[in-house]
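>>> Quick one: sequence plus predicted model below, questions after.
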Amino acid sequence: MGSQGHGQVQRWQDRWWAVGLLVLVVWVGIRLAFDGWSGWPGILVGGLVYAGFMTWYVMRRRRRDARAVGTDAARVPELERRIAKNGELPEDPAEQVAIIRLIRRREEKLRRNRWWAFPLLALIFFGIPALWFAAGNEAAGLWGLAFGAAFLGWMVWFNRRFVRRMAGMRQRIEGVGGGLVAGPVTGSAGGAEGFAHGAR
């Protein structure tokens, strides 16, 4: 009963409107904390626009991942959770192939994007507080600096942990499946298509 309820919560979290609602709440909460309640109409409108864009982006990425790895878009979040938690290996060989393809797709993206992604995040998270300091808003600058440092540190830690767990899951599946898993992943059109779409 407990595991079934947990699965239902996870499926609820995977839906497009749940993604949009989460982005909206976080955006509005952060903006209200920094700017106060006086500008809440503009903050809410901006949050709706940003939430709409992020929801479209996340759903679009899921569909592309699904096509590349040979599964349904609704299954992609579950596969990602399985990888992140380094949980039990799926018994279905087709699902093992999908996980391996997804891992290789993520690893390829990380290799291609890591040289600019973290420097860009650092520029954003530390550049905005610098502008607040320059404008004389020291309180907002201090809060922004603290938040940026904490969030960037968390991103670095999470990225390293996810990379380790991806490698561990891939090694476990390839060790269990052997050539059965390795063959379709490296030789299939779906695997090549996954690498071709890796940067999109």
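Okay, I see it.
>>> Low-confidence stretches in this protein?
Residues of the chain meeting the criterion pLDDT under 70: 1-10, 87, 176-200.
>>> Can you tell me the SS state at G136?
Of the three states, G136 takes coil according to DSSP: H, G, I helix; E, B strand; the rest coil.
>>> quick one, phi/psi of it?
phi 90, psi 0 (degrees, to the nearest 10).
>>> how near is it to R81?
For G136, the distance to R81 (Cβ to Cβ, to the nearest Å) stands at 45 Å. Every residue, glycine included, has its C-beta placed from N, CA and C.
>>> Likewise for R64?
For R64, the distance to R81 - Cβ to Cβ - is 19 Å.
>>> about what we covered before: so which of G136 and R81 has more stuff around it?
Set G136 next to R81 and count neighbours by other Cβ atoms under 10 Å: R81 wins out with 13 against 8.
>>> Please, which helix or strand holds that one?
Here R81, judged by DSSP states H and E, is contained in helix 76-85.
>>> and if you look at R111?
helix 93-134.
>>> for that helix, packing partners?
Contact analysis of helix 93-134 by 3 or more Cβ pairs under 8 Å, 6 or more residues apart in numbering; DSSP states H and E lists helix 40-69, helix 76-85, helix 138-177, helix 179-187, helix 189-196 as its packing neighbours.
>>> Quick one: the ones you listed as a markdown table, columns for distance to I124 too.
Supplementary listing: the helices and strands packed on helix 93-134 in a markdown table, determined by distance: least, Cβ to Cβ, whole Å:
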| stretch | distance to I124 |
| --- | --- |
| helix 40-69 | 14 |
| helix 76-85 | 24 |
| helix 138-177 | 8 |
| helix 179-187 | 36 |
| helix 189-196 | 29 |
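>>> Contacts only, for the residue of the chain most remote from its centre.
Distance from the centre of the chain peaks at G136, with 34.9 Å (Cα atoms, centre = their mean). With Cβ atoms under 8 Å, 6 or more residues apart in numbering as the criterion, no residue contacts G136.
>>> how near is it to G144?
14 Å.
>>> what number of residues lie near G70?
19.
>>> Look up how far E78 lies from it.
15 Å.
>>> For the residue nearest to the spatial centre of the chain, list the residues it contacts.
Centroid-nearest residue in the chain, with Cα atoms, centre = their mean: V58, separated by 8.3 Å. With contacts defined as Cβ under 8 Å, 6+ apart, V58 is in contact with W16, V19.
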